[in-house]
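Enquirer: can you look at this prediction? I've put the sequence above it.
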Amino acid sequence: MTFTLTDETIELYKLLKVLDLVDSGGQAKMLIEQEHVYRNGELETRKRAKITRGEVIRIGDVTIHVN
């Protein structure tokens, strides 16, 4: 899956919401808190981490390439 940024960054929980991977921002935050999200191959637990172009986010078997 590919996501194209329209701004410089997007907060991690908002990215999950925009891509309809979760039903709500709260659910996105819970997934992040429960250590289900990887950023560039490393566990990411910061809900408001700023995601930029070139990063790869993985949740379960879903991989997101940020352009």
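Expert: Perfect, thanks for sending it.
Enquirer: give me the distance between the residue positioned nearest the centre of the chain and G60.
Expert: Nearest residue to the geometric centre of the chain (C-alpha atoms, centre = their mean): L12, 4.1 Å. Distance of L12 to G60, computed by C-beta to C-beta, to the nearest Å: 15 Å. The way it works is simple: take the backbone N, C-alpha and C, and place the C-beta from them, glycine included.
Enquirer: what's the neighbour count on L21?
Expert: By other C-beta atoms under 10 Å, the residues close to L21 number 18.
Enquirer: tell me if it really is in a helix.
Expert: No: looking at L21 with DSSP: H, G, I helix; E, B strand; the rest coil, it is coil, so not inside a helix.
Enquirer: model confidence score at it, please.
Expert: You'll see L21 listed with a pLDDT of 95.
Enquirer: verify the stated contact: it with I59.
Expert: Yes: under the criterion of C-beta atoms under 8 Å, L21 makes contact with I59 at 6.4 Å.
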